[in-house]
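**Q** I would like to see how this sequence folds:
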Amino acid sequence: MESKWSCKLTRNAEADLDSILRYLAVELANPNAAAAFADKLQAAMEEACTFPESGSLVINEYLPTTGVRKKVIGNYLMYYLPDPAEETVSVLRIVYGRRNIDEILRYIGV
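**A** Predicted coordinates for the structure are as follows:
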C-alpha cells in the first residue's frame, strides 16, 4: 500500500543516522549490520508514512508537544511526528534504546 504522505529526517535524525551507521560499519567493522539497519529504518519510515499513527504514542513530561510517536528498530528507537495538515512524517531522532530517554526527549527539537 503506497502512501500520499512524505517522510523527512530532521537534522538531528540525520546526525543520529550518520553516527549509528558509522558505529556499525566502522567501529564494529560490520558493514552488513549497517546495511541491515538502514533497510530496517527505511521499512519503519515507509510504515510510518503509510500508517502515521502506527507507532506508540510517547507520553513524557519533557515533550513540548503532543503527537510524537515511536517505533522500535532492533536496539534503536525512531521518534517521529506526523503532520496531517501537511501529510508529512518528520523523523525527529533515532537513538539507542538504552540511552537516557528523558534527556533525549527534553531536547528533541519539536
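**Q** got any ranges where the protein has weak pLDDT?
**A** 1-3, 64-65, 100, 106-107, 109-110 (pLDDT under 70).
**Q** again, only using 80
**A** Across the chain, the ranges flagged by pLDDT under 80 are 1-3, 62-66, 99-110.
**Q** now the helices for it?
**A** Ranges of helices in the chain, per DSSP state H, are 11-22, 31-50, 101-106.
**Q** for I73, grab the count of nearby residues.
**A** Neighbour count for I73, taken as other C-beta atoms under 10 Å: 18. Any C-beta I mention is one placed from the backbone N, CA and C, and that applies to glycine too.
**Q** can you say which of the helices of the chain is nearest to V89?
**A** Of all the helices of the chain, helix 31-50 sits nearest to V89, with 4.9 Å by C-beta to C-beta.
**Q** closest to the centroid, which residue in the protein?
**A** M78 (2.4 Å; C-alpha atoms, centre = their mean).
**Q** quick check, that residue in contact with S56.
**A** No: contact between M78 and S56 fails when scored by C-beta atoms under 8 Å: they sit 10.9 Å apart.
**Q** common neighbours of the two, please.
**A** 70-71 (C-beta atoms under 8 Å, 6 or more residues apart in numbering).
**Q** what residue in the protein is the furthest from its centre?
**A** Among the C-alpha atoms of the chain, the one most distant from their mean position (C-alpha atoms, centre = their mean) is that of A29, at 23.4 Å.
**Q** with adjacent residues omitted, what lies nearest to A38?
**A** Of all residues not flanking A38 in the chain, L21 sits nearest, at 6.6 Å (C-beta to C-beta, 6 or more residues apart in numbering).
**Q** and the one you found, what is it in contact with?
**A** L21 makes contacts with 34, 37-38, as judged by C-beta under 8 Å, 6+ apart.
**Q** those residues, buried ones only, as a ChimeraX selection?
**A** This is the ChimeraX syntax for the buried subset of these, where burial follows 16 or more other C-beta atoms under 10 Å:
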select :34,37
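**Q** what is the nearest of the contacts of L21 to C7?
**A** Distances from C7 to these, taken by C-beta to C-beta, are shortest for A38, at 14.1 Å.
**Q** any figure for the gap between that closest one and K71?
**A** Between A38 and K71 the computed distance is 15 Å (C-beta to C-beta, to the nearest Å).
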